[in-house]
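>>> quick one: sequence plus predicted model below, questions after.
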Amino acid sequence: MSRPTIEKALVWKELRQIAPLFWAVLGLGGGLNLLMITLFFFTSPADSGPISPYSFIVMPIIFATGIGVLLVGMEKENRTLQWLQGMPVSSAQIAKTKFMVAVVSLIGTWALSLLMLWMFRIVFQGQPGITKPELDSLSESYFYPILFPTVSFFLGFAGLALAWRVSSPIYAL
Amino acid sequence: MNDVIKIEGLEMRFRGCEALRGVDLSVQPGTVYALLGENGAGKTTMIRILTGFQKPTAGSCRVLNMDPSKKEDSLKIRQRIGYVSDAPALYDWMTVGEIGWLASSFFAEGFVDRYRASIEKYELPSDRKIKHLSKGQRSKVALSLALAHDPELLILDEPTSGLDPLVRREFLESMITVAATGRTVFLSSHQIAEVERVADQIAILHKGRLQLVGNLSELKESISMVTVSLNDPLVSLPDPSANSKILAEISEGRQKQFVVQGGGDEAAEFWKNCTGVASVRIQPATLEELFVACTRGDSKYAHRKSESGNAGRLSMEAQRS
């Protein structure tokens, strides 16, 4: 147990705090896609309907919605933020670390989501029951790489700011 | 000698509430200083100001010769003090060892070793999650964290509230050990018995004003309880000589009890010779009686004190429970 730097210790703490949300989102997104793949292979393409690549967008959007509550709201409600502020570390450094972790983890979730979408495309391209335009409509449209990430970052930052200002994490959410 | 804590004319006003009203206080190094007061007396507000969480409305406050209301001083103060709140909020999902590792990043080398030694002393398993610890064990973790950087001053806000008698005893013994190593302990409490065991100096805070400040043993020696039995409950007793300061008067049927500071024997002798007095008994006042005298009823005493600088009389006509 050697002494870490303040930055390392704070980043470790924040990552551990958002880990349950990350795994939940990954489980939800992965589960949803697994369900679709199962339906696609075990039912006739006509019954399964169009496979929705929107499930890949759900992951980072849900992650962005919950990150403020986990990083700030829960800490405020459990008064652990008060304990942390009683340590010789500035509130600015605490806030900066939370912001950085939120940004990096959201980028990471988007990267994972896009990776899954790419794999999805490779597996399903040319399969009966799913058409190329259906996939392209999301992945290749100018709308997708700009609008949804922007929305998710807005949700993430607004969530962080609200959780900092509003005493109840539920209201912040 | 440099004061570890120096407070002058400290005032704190919230909307519709005056939490502190001109508090003056100084704490010498190496003492266990107890701040006594009932709930809502202003103890936690004072501690929040000392630790830099709150800026006072008026007055000055120095902790280790630094001003906690200044941002740059506040961080330096936190480097040199240990603080345990009444209900320490620790990260439930961390283990005992992990929270020590996290806290060690804020302090100099040696923190981890001292923390490890402390949790071993309290028989706390380092791999146990905080959420699986009892309230007493959590308090021990909080105390270990507060002491591991070897602070010059330990500030404790109601440190034993909610703990069972056994844990409370262990906790207080730790306080005595801390003070024995030359460090200063500033604790707030309304648990009179525990304060009596550990404190060198006490201050009694009531409605934001300090009612009594001094060395505990000297106060106990100088303050006595004089019980006067009267032939008739309507008989009024004159005030004794100027040497005797009456802190409180408690009427109970034909019996009157006075908490007298200085000249208790003199006052007893004076009342013994008064008309209508059947008997007079004098005994040393306990800290609890002192506390009750200073915190019950209308704070006439405090007003007189602030006007004249001397102790006045706190009239308590209510029946003693």
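Nice, I can see it.
>>> model confidence for the residue of chain B most remote from its centre, exactly?
If you look at how far each residue of chain B sits from its centre, by Cα atoms, centre = their mean, the farthest one is residue B:275, at 40.6 Å. pLDDT for residue B:275: 84.
>>> chain B contacts on chain A?
A:1-6, A:8-10, A:12-13, A:16-17, A:78-80, A:82-83, A:85-90 (Cβ under 8 Å from any Cβ of the partner chain). No exception for glycine: its C-beta is placed from N, CA and C like everyone else's.
>>> sorry, back to before: mind checking how far the residue farthest from the centre of chain B is from chain A?
Separation of residue B:275 from chain A (Cβ to the nearest Cβ, to the nearest Å) stands at 61 Å.
>>> just the buried members of the residues of chain A next to chain B?
Buried positions within the residues of chain A next to chain B, assessed by neighbour count (16 or more other Cβ atoms under 10 Å in any protein chain shown), are A:3-4, A:6, A:9-10, A:12-13, A:17, A:78, A:80, A:83, A:85-89.
>>> next, residue 3: secondary structure please.
All of this is about chain A. Here residue A:3 is recorded as coil under DSSP: H, G, I helix; E, B strand; the rest coil.
>>> try again with chain B
In the three-state summary, residue B:3 is assigned as coil, counting by three-state DSSP.
>>> can I take it that residue B:33 is in a strand?
Yes. Residue B:33: assigned to a strand according to three-state DSSP.
>>> and the closest residue to the residue farthest from the centre of chain B other than its chain neighbours, how many neighbours does it have?
With Cβ to Cβ, 6 or more residues apart in numbering or on different chains as the criterion, residue B:275 has its nearest non-adjacent residue at 7.5 Å, and that residue is residue B:235. The tally of other residues near residue B:235 (other Cβ atoms under 10 Å in any protein chain shown) stands at 15.
>>> quick check: the closest residue to chain A within the stretch 201-321 of chain B vs residue B:123, distance?
Closest residue of the stretch 201-321 of chain B to chain A, Cβ to the nearest Cβ: residue B:205 (21.9 Å). Separation of residue B:205 from residue B:123 (Cβ to Cβ, to the nearest Å): 36 Å.
>>> more neighbours: which of these two?
When residue B:205 and residue B:123 are compared on other Cβ under 10 Å, the one with more neighbours turns out to be residue B:205, at 25 against 8.
>>> got a list of what the nearest residue to the more buried one once chain neighbours are set aside touches?
The shortest distance from residue B:205 to any residue other than its chain neighbours is 3.7 Å, reached at residue B:37 (Cβ to Cβ, 6+ apart). Contacts of residue B:37 were listed using Cβ atoms under 8 Å, 6 or more residues apart in numbering or on different chains, and they are B:43, B:188, B:190, B:204, B:205, B:206, B:295.
>>> try residue A:106
If a contact means Cβ under 8 Å, 6+ apart, then residue A:106 has A:60, A:63, A:64, A:67, A:152, A:153, A:156 as its contacts.
>>> my read is the last one is in a helix, agree?
If I follow you right, that is residue A:156. Yes. According to three-state DSSP, residue A:156 belongs to a helix.
>>> ok, back up a step: check what pLDDT the residue nearest to residue B:205 gets.
88.
>>> likewise the one 5 residues further on?
The predicted local distance difference test score for residue B:42 is 90.
>>> same thing with residue B:182?
The model reports residue B:182 with a pLDDT of 82.
>>> give me the nearest residue to it, chain neighbours excluded.
Once its chain neighbours are removed from consideration, residue B:182 has its nearest residue in residue B:30; the separation is 5.1 Å (Cβ to Cβ, 6+ apart).
>>> over to residue A:13?
Spatial nearest neighbour of residue A:13, chain neighbours left out: residue B:102 (5.9 Å); criterion: Cβ to Cβ, 6+ apart.
>>> thinking again about what came up before, for the residue nearest to residue B:275, give me its contacts.
Contacts were defined as Cβ under 8 Å, 6+ apart; by that measure residue B:235 touches B:275, B:276, B:277.
>>> just to check, residue B:167 is in contact with residue B:143?
No. At 10.9 Å, residue B:167 and residue B:143 do not qualify as touching, with contact defined as Cβ atoms under 8 Å.
>>> and the two? Which one has more around it.
Taking other Cβ under 10 Å, residue B:167 and residue B:143 do not tie; residue B:143 has more neighbours (23 against 18).
>>> what does that one show for phi and psi?
With angles defined as degrees, to the nearest 10, residue B:143 sits at phi -70, psi -40.
>>> and what of the one 4 residues further on?
The phi and psi torsions at residue B:147 (degrees, to the nearest 10) take the values phi -100, psi -20.
>>> measure it to chain A for me?
Here the distance between residue B:147 and chain A works out to 14 Å (Cβ to the nearest Cβ).
>>> skipping its backbone neighbours, what lies nearest that residue in space?
In this structure, residue B:147 finds its nearest non-sequential neighbour in residue B:82, 5.5 Å apart by Cβ to Cβ, 6+ apart.
>>> look up phi and psi at that neighbour.
The phi/psi pair for residue B:82 (degrees, to the nearest 10) reads phi -120, psi 140.
>>> could you point out the helix or strand that follows the host helix or strand of residue A:146?
Applying DSSP states H and E as the criterion places residue A:146 in helix A:143-165. For helix A:143-165, the succeeding helix or strand toward the C-terminus, using DSSP H and E, is helix A:169-172.
>>> by contact count, what packs against that following helix?
The criterion is 3 or more Cβ pairs under 8 Å, 6 or more residues apart in numbering or on different chains; DSSP states H and E, and the helices and strands that helix A:169-172 contacts are helix A:74-77, helix A:143-165.
>>> could you redo the last one with a cut-off of 10 Å?
Under the contact definition 3 or more Cβ pairs under 10 Å, 6 or more residues apart in numbering or on different chains; DSSP states H and E, helix A:169-172 sits against helix A:54-68, helix A:74-77, helix A:143-165.
>>> on that earlier part again, so which of the residues of chain A next to chain B sit within helices?
Applying DSSP state H to the residues of chain A next to chain B, the entries found in helices are A:6, A:8, A:9, A:10, A:12, A:13, A:16, A:17, A:80, A:82, A:83, A:85.
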